[in-house]
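Student: Fold the following and give me the result.
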Amino acid sequence: MSMDGQEMVSRKITPGRNYFGMRTMRILALQNIARTGLFAVLIGFGAGCATQTKTGKKAYEFYPPPPDEPHLQFLTAFSSEKEFRGKEDKNLMTFLTGVQPAAKEIGKPYGGAGSGGKLFICDTEVQAVVVADLQTRRFAALDAQGEGALKQPQNITFDSDGLCYVTDTGRQQVVIFDKNKNYLATLGKKDELKPLDVAVSKDKIYVADLMKHSVRVFDKTSRTLVRQIPSIEEAPKIAQLQKEISAIEAKAKLQGETSKEDLKALNEKSAELNSKGPLYTPTNLALDSKGRLYVSDSGAFRVQVYDSEGKYIRSIGEMGKGLGQFGRVKGIAVDRQDRLYAVDALSQATQIFNEEGRLLTWFTEPEGASRVQNLPAKIFLDYDDVSYFKSYAAPNFELEYLAVIINQLGSHKVSVYGFGHKK
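Tutor: A predicted model of the protein is given here:
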């Protein structure tokens, strides 16, 4: 990178390594301040909360490391109720019989959300929503029975009224529960949807539909379909452009080369197609403070951004292993400053972009870390449950919100990080 900050670092993102040295961190910090007015954030990412040094004192890991101002601290991670509690589970039967109760472990999680002092984790292996109570430090399952019974819960979210929305690929529906977690309603009929994620605004419900390669938009009150993104009107044109592009590519493959005429036509049709904001594999959704919709399009290696009316705005990312690129983009989240967090299951890193789609930084585990991210699928931000994690934070570090990453494999399925600042 040049000293004036105009040239972006272009290096391969590899799990377990951090390519941002101190010089690069300072250049990125200057670049971010000059261009966006933001302080450099989250450069580098580490594993480990408070550890004991040889002197018995607690050692906290901050990122970026000194002498830069810290913005992130690893807090804790867990894959079972025992790890969640942080101690052995002692009860009367264990005392009398010497037999420990069956371990309550998370199987293969995908989606998650925080609400009301609880973390809700969609476990696709046990086909249930695991509820981790932050006050009692106990696991339970979302009591979904009868009409609300779940088959394959994939993602979960809550609205401002406390209603709970679960996308269930087994039922091919979105199952809605009231604030007391009683069954309320469903979205979608049999063979109508393959919902992977759901996001809720003040008056709309957005559903990522893998079956129709689109986002279905429902009215929140009536729960009737009001829109599709991309629009139904654009669908035939998008399909036609995709067909024409495929034909040109097939011709080039057969001939072993692409003529100038075909290359020109390919570029023109690709540009026209991209301007319509097509979706191939919409997997995860997020909304920002301005009502803009972010769609993680795993099959196209990018995040698509639309305005509140469903009009395409921009694409973030492209296929690749470098900065600003994705191999398998999955979970996304947007903070209150409209910064986009995007998890990549292939590089196993999380990249952060500003609201214009410019890369700010990325983070992953350092080499030799014991808590390696393993097939991360989801990231969600939690502003309301910070108090439950203050004991993990360093005394001079003020937590602003939690960043929770869900890993499908590995020894730490739920990793909790704190974004904040020095007191």
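Student: switch to C-alpha atoms for all contacts and neighbour counts from now on
Tutor: Fine.
Student: where along this protein do the helices fall?
Tutor: 22-36, 81-85, 92-97, 235-255, 260-275 (DSSP state H).
Student: ok, the residue positioned nearest the centre of the chain - contacts?
Tutor: Residue closest to the average C-alpha location in the chain (CA atoms, centre = their mean): Gly331, at 2.5 Å. Counting by CA atoms under 8 Å, 6 or more residues apart in numbering, Gly331 makes contact with Thr283, Asn284, Leu285, Ser296, Ala342, Val343, Asp344, Pro376, Ala377, Lys378, Ile379.
Student: Nearest residue to it in space, ignoring adjacent ones along the chain?
Tutor: Lys378 (4.0 Å; CA to CA, 6 or more residues apart in numbering).
Student: From Arg85, how far out is that neighbour?
Tutor: Between Lys378 and Arg85 the computed distance is 23 Å (CA to CA, to the nearest Å).
Student: Among those two, which residue is more densely surrounded?
Tutor: Between Lys378 and Arg85, counted using other CA atoms under 10 Å, Lys378 has the larger neighbour count: 27 against 17.
Student: was I right about the more buried one contacting Asn407?
Tutor: Yes. Using CA atoms under 8 Å, Lys378 is in contact with Asn407, at 7.3 Å.
Student: what's the overlap in contacts for the two?
Tutor: With CA under 8 Å, 6+ apart, Lys378 and Asn407 have common neighbours Tyr110.
Student: Flag the shaky bits of the stretch 51-200 of the chain, pLDDT-wise.
Tutor: 51-57, 64-65, 87-103 (pLDDT under 70).
Student: CSV for the contacts of Gly331, including pLDDT and distance to Lys58?
Tutor: Formatted as CSV, the contacts of Gly331 follow (pLDDT from 0 to 100; distance: CA to CA, whole Å):
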residue, pLDDT, distance to Lys58
Thr283, 96, 40
Asn284, 97, 38
Leu285, 98, 38
Ser296, 97, 39
Ala342, 96, 31
Val343, 95, 30
Asp344, 94, 32
Pro376, 92, 28
Ala377, 95, 31
Lys378, 97, 30
Ile379, 97, 28
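Student: closest to Phe218 among those?
Tutor: Nearest to Phe218 among the contacts of Gly331 is Leu285, at 14.4 Å by CA to CA.
Student: related to what we said a few turns ago, what separation do you get for the residue nearest to the centre of the chain and Leu142?
Tutor: 22 Å.
Student: can you check Asp382 too?
Tutor: Distance of Asp382 to Leu142, computed by CA to CA: 19 Å.
Student: Please apply the same query to Glu125.
Tutor: 15 Å.
Student: So if I had to pick from those two, which one is more boxed in?
Tutor: Taking neighbours as other CA under 10 Å, Glu125 and Leu142 compare with Leu142 leading, 18 against 14.
Student: Contacts only, for that one.
Tutor: For Leu142, the residues meeting the contact criterion (CA under 8 Å, 6+ apart) are Ala128, Val129, Val130, Val131, Lys181.
Student: So in this structure, which strand runs the longest?
Tutor: Secondary structure assigned by DSSP state E gives strand 397-407 as the longest strand of the chain.
Student: Run through the neighbouring helices and strands of that strand.
Tutor: strand 109-115, strand 376-382, strand 414-422 (3 or more CA pairs under 8 Å, 6 or more residues apart in numbering; DSSP states H and E).
Student: Reformat those strands as a markdown table; add distance to Pro195.
Tutor: Shown next, in a markdown table, are the helices and strands packed on strand 397-407 (distance: least, CA to CA, whole Å):
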| stretch | distance to Pro195 |
| --- | --- |
| strand 109-115 | 12 |
| strand 376-382 | 16 |
| strand 414-422 | 23 |
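Student: Can you tell me how far Gln135 is from Phe177?
Tutor: 22 Å.
Student: Looking at those two, which has the bigger crowd around it?
Tutor: Phe177 (20 against 9).
Student: Can you give me the neighbour number for the residue nearest to the more buried one when sequence neighbours are not counted?
Tutor: Nearest residue to Phe177, sequence neighbours excluded (CA to CA, 6+ apart): Tyr183, at 4.5 Å. Applying other CA under 10 Å, we find 19 residues neighbouring Tyr183.
Student: mind starting the numbering at 349 from now?
Tutor: OK, 349 is where the count begins now, so the last one is Tyr531.
Student: Could you tell me how far Tyr531 is located from Arg564?
Tutor: 22 Å.
Student: Likewise for Asp655?
Tutor: For Asp655, the distance to Arg564 - CA to CA - is 14 Å.
Student: which of those two has more neighbours?
Tutor: Legend: neighbour count by other CA under 10 Å for Asp655 and Arg564, higher for Arg564 (21 against 15).
Student: Which residue is the nearest non-sequential neighbour of Ala492?
Tutor: Closest to Ala492 by CA to CA, 6+ apart is Leu498, at 6.4 Å.
Student: Which parts of the stretch 399-548 of the chain are strands?
Tutor: For the stretch 399-548 of the chain, the strands defined by DSSP state E, counting those that start in this stretch occupy 399-400, 406-407, 410-411, 420-426, 457-463, 466-471, 476-481, 486-489, 501-506, 512-516, 521-525, 531-535, 543-548.
Student: Mind giving me the packing neighbours of the third one?
Tutor: By that I understand strand 410-411. With contacts taken as 3+ CA pairs under 8 Å, 6+ apart, strand 410-411 sits against strand 420-426.
Student: Spell out which strands sit alongside the strand it packs on in the sheet and which way each one runs.
Tutor: strand 410-411 (antiparallel), strand 762-770 (antiparallel) (DSSP bridges).
Student: before we move on, the earlier item: and which of the contacts of Gly679 is nearest to Lys550?
Tutor: Distances from Lys550 to those, taken by CA to CA, are shortest for Leu633, at 15.5 Å.
Student: Please verify my assumption that the closest one contacts Arg640.
Tutor: No. Contact criterion CA under 8 Å: Leu633 and Arg640 do not qualify, at 10.5 Å.
Student: Counting neighbours, go ahead and name the busier of the two.
Tutor: When neighbours are counted by other CA under 10 Å, Leu633 and Arg640 differ, and Leu633 comes out ahead with 27 against 19.
Student: Show the contacting residues for the closest residue to that one other than its chain neighbours.
Tutor: Here the nearest residue to Leu633 in space, its sequence neighbours aside, is Val643; by CA to CA, 6+ apart that works out to 4.8 Å. Val643 makes contact with Ala556, Pro630, Thr631, Asn632, Leu633, Ala634, Val651, Gln652, Val653, according to CA under 8 Å, 6+ apart.
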